[in-house]
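A.B. asks: based on what follows, work out the 3D shape:
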Amino acid sequence: MITRTQIKTFIEAGMLADAFGVPYEFRSRDSFTAATMIGHGTYDMPIGSWSDDSSLTLILMQTMLEDKQYATFMHHAEDYMMHGAFTPSGEMFDIGATTRKAVINFAEGAAPLDAGDRSEYANGNGGIMRVAPLAVTLRNEQDMTVRRTTIENWTKLTHAHERSLIGSFIYVELLRECLLGDNLTEALRTVQAELKRTNYAPSEVALFAPIFTPDFAKTPRADIASSGYVVDSLLAAVWLNSQADDYESLILNAVNLGSDTDTIAQLAAHLFAATHHNLVLPGKWLQQLIMPDDIQHLISQFAQAYAAR
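C.D. replies: Below you'll find the predicted structure:
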């Protein structure tokens, strides 16, 4: 069973982590110490501003509420890119190059599922960072093949290389298993077994293999990369959860890894929220999060639509 409150917290946990990381993005590890939520920084945005990670996640949620059509998502993404829709302050200040390219391709006439870049060099985390809501919408779908196809299609709108598709599949399936009641260790075991039932290229699956090893939690911090590369981002998110005692320490540890601070914190936060069904987000941070009325309404609508009945 999953309640409206749990879905709302699941979404807001990611947005809060995103906003916490925004001012520190691209800064080198150990060149700073993040101890509290601040404003300005990398993009000179007010405190509590969240980035494209949350905007595109919200767009997926809006699309799920409207008609679940890929073109609808892309139209909303175009509105985000051109007019600042689905943003904290009506201004788009961040979008990945691969996502931008896909939106332009769509605007110029490409079919939605053909707009994403299939290049090996287009494996940033812009696909995986927005698919967490699928763990909610697909939680009652028993057919793994259906889930996999759905996750792949929503990812390939912008990031169509097999590596990005695998990353999203692993991530959403981990979230789904945790939302259904598994702990992270159990979820990893289940998803590892699921991967063996797919026809993904073994060489691509092997890139994600470290998270399934028994000693992954013991990996030294120095060996955890925090770049915007999809493999690095997923490994970092899982590793951070293996180290976390609470939500606050998770976010501080994530942001202090440096580099792609907002996305890695967001990915880790969704995973933490999925495994902690009674999570209460820190009130002081939550009060600082910019939350326009229309965004609050969207989150509430999504939670109501997909909560257990």
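A.B. asks: may I see the buried residues of stretch 54-66?
C.D. replies: 54-64 (16 or more other C-beta atoms under 10 Å). For every residue, glycine as well, the C-beta is placed using N, CA and C.
A.B. asks: okay if I get those residues as JSON lines plus distance to Asp94, pLDDT and secondary structure?
C.D. replies: Converted to JSON lines, these look like this (distance: C-beta to C-beta, whole Å; pLDDT from 0 to 100; DSSP: H, G, I helix; E, B strand; the rest coil):
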{"residue": "Ser54", "distance to Asp94": "10", "pLDDT": "98", "secondary structure": "helix"}
{"residue": "Ser55", "distance to Asp94": "9", "pLDDT": "98", "secondary structure": "helix"}
{"residue": "Leu56", "distance to Asp94": "10", "pLDDT": "98", "secondary structure": "helix"}
{"residue": "Thr57", "distance to Asp94": "13", "pLDDT": "98", "secondary structure": "helix"}
{"residue": "Leu58", "distance to Asp94": "14", "pLDDT": "98", "secondary structure": "helix"}
{"residue": "Ile59", "distance to Asp94": "14", "pLDDT": "98", "secondary structure": "helix"}
{"residue": "Leu60", "distance to Asp94": "17", "pLDDT": "98", "secondary structure": "helix"}
{"residue": "Met61", "distance to Asp94": "19", "pLDDT": "98", "secondary structure": "helix"}
{"residue": "Gln62", "distance to Asp94": "19", "pLDDT": "98", "secondary structure": "helix"}
{"residue": "Thr63", "distance to Asp94": "20", "pLDDT": "98", "secondary structure": "helix"}
{"residue": "Met64", "distance to Asp94": "23", "pLDDT": "98", "secondary structure": "helix"}
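A.B. asks: closest one of these to Ile264?
C.D. replies: Ser54 (13.8 Å; C-beta to C-beta).
A.B. asks: which residues touch Ala107?
C.D. replies: For Ala107, the contacting residues are Glu78, by C-beta atoms under 8 Å, 6 or more residues apart in numbering.
A.B. asks: returning to what we had before: okay if I get the buried residues of stretch 54-66 as a markdown table plus distance to Gly90?
C.D. replies: Formatted as a markdown table, these follow (distance: C-beta to C-beta, whole Å):
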| residue | distance to Gly90 |
| --- | --- |
| Ser54 | 14 |
| Ser55 | 11 |
| Leu56 | 16 |
| Thr57 | 18 |
| Leu58 | 14 |
| Ile59 | 15 |
| Leu60 | 20 |
| Met61 | 19 |
| Gln62 | 16 |
| Thr63 | 20 |
| Met64 | 23 |
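A.B. asks: for those, which one is nearest Gly283?
C.D. replies: Ser54 (19.4 Å).
A.B. asks: mind checking how far that closest one is from Gln192?
C.D. replies: For Ser54, the distance to Gln192 (C-beta to C-beta, to the nearest Å) stands at 29 Å.
A.B. asks: the stretch 1-150 of the chain: helices as residue ranges?
C.D. replies: 4-21, 52-66, 70-83, 97-107, 133-137, 144-156 (DSSP state H, counting those that start in this stretch).
A.B. asks: cool, the stretch 151-300 of the chain as well?
C.D. replies: Counting by DSSP H, counting those that start in this stretch, the helices of the stretch 151-300 of the chain are 162-179, 184-195, 202-205, 230-243, 247-255, 261-275, 283-288, 293-306.
A.B. asks: and the fifth one, what does it pack against?
C.D. replies: When you say that, I think you mean helix 247-255. helix 4-21, helix 230-243, helix 261-275 (3 or more C-beta pairs under 8 Å, 6 or more residues apart in numbering; DSSP states H and E).
A.B. asks: alright, I will stop here.
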